[in-house]
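S.K.: With the sequence up front, the predicted model follows.
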Amino acid sequence: MKHTLTVLILLLALLLSSCGQNKDLKHEEIQDSTDDILQSSELTGFSFEGTVFHYGEQSYDVTSRVEAINSILSAVPVGEKIVIECHAGPENGVYCIFNTVSESFETDIFGNHLIWHSDDITTAVYSFWSDVYTYDGKIIKSYDLAENDLIYDLAYSDKHAKLNVTILCDDGTEQIDIIDL
């Protein structure tokens, strides 16, 4: 009986220790991924907090560009630009486009769902209310939406030759419109 109890205790200890090792391994993998992300943003030399964007040794408060901005949500490098996504209200956001060569802001885009391809911001499209626009502000398509309908998502398809526009309807259904670009 004593021998069986000792074997059970050893098996239990072995099981518990192996569970801990898997947990530690996953934690190390997560930590390594986090370190890669941190190193990546450190290499590009930018960060943000609140409404302040930091690039190199300079700091820029984006509220000086658009007073309605109340926080920066993300900052993503796109070629020689950085797209700074900002929260400005419940309906639409603001994307501030920062040029890393001139170390200055180029433009501010009011809207949602800004997407691009090929690491080229000039390929970007976005929505604003019931319209879909190109990066340079030209309307691709306008929709006659009911009062509570909204453009819910944009996605490229067919090797970037088409744009899928997902519209969320008031009744909870979705419609997808495909635009040839």
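M.R.: Received, thanks. Just so it is clear, the model here is predicted, and its values are computed rather than measured. Numbering: from 1, shown residues only.
S.K.: Pull the residues that contact the biggest strand by length in the chain.
M.R.: In the chain, assigned by DSSP state E, the strand with the most residues is strand 104-117. Contacting residues not belonging to strand 104-117 are listed as 60, 65-66, 78, 81, 83, 85, 88, 92-99, 122-128, 133, 135, 151, 153-156, 160 [Cβ atoms under 8 Å, 6 or more residues apart in numbering]. No exception for glycine: its C-beta is placed from N, CA and C like everyone else's.
S.K.: Filter those down to the buried ones and express that as a ChimeraX selection.
M.R.: If you want just the buried ones from the contacts of strand 104-117 in ChimeraX, going by 16 or more other Cβ atoms under 10 Å, the selection is:
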select :60,65,78,81,83,85,88,92,93,94,95,96,97,98,99,123,124,125,126,127,128,133,135,151,154,156
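S.K.: All the strands of the protein, residue numbers only.
M.R.: 46-49, 52-55, 58-61, 71-78, 81-87, 93-99, 104-117, 120-128, 131-134, 139-142, 150-157, 162-168, 174-180.
S.K.: distance of the spatially most central residue of the chain from residue 86?
M.R.: Closest residue to the average C-alpha location of the chain: residue 74 at 6.2 Å, with Cα atoms, centre = their mean. Distance, residue 74 to residue 86, by Cβ to Cβ, to the nearest Å: 9 Å.
S.K.: tally of neighbours for the closest residue to residue 170 other than its chain neighbours?
M.R.: Counting by Cβ to Cβ, 6 or more residues apart in numbering, residue 170 lies nearest to residue 148, which is 3.9 Å off, once chain neighbours are set aside. Look at residue 148: counted by other Cβ atoms under 10 Å, it has 9 neighbours.
S.K.: if I look at residue 148, how far off is residue 166?
M.R.: Where residue 166 is concerned, residue 148 sits at a distance of 15 Å (Cβ to Cβ).
S.K.: where does the protein have low pLDDT?
M.R.: For the chain, the stretches flagged by pLDDT under 70 are 1-44.
S.K.: how about 50 then?
M.R.: Scanning the chain for pLDDT under 50 picks out the ranges 1-43.
S.K.: Nearest spatial neighbour of residue 141, chain-adjacent residues omitted?
M.R.: residue 132 (5.0 Å).
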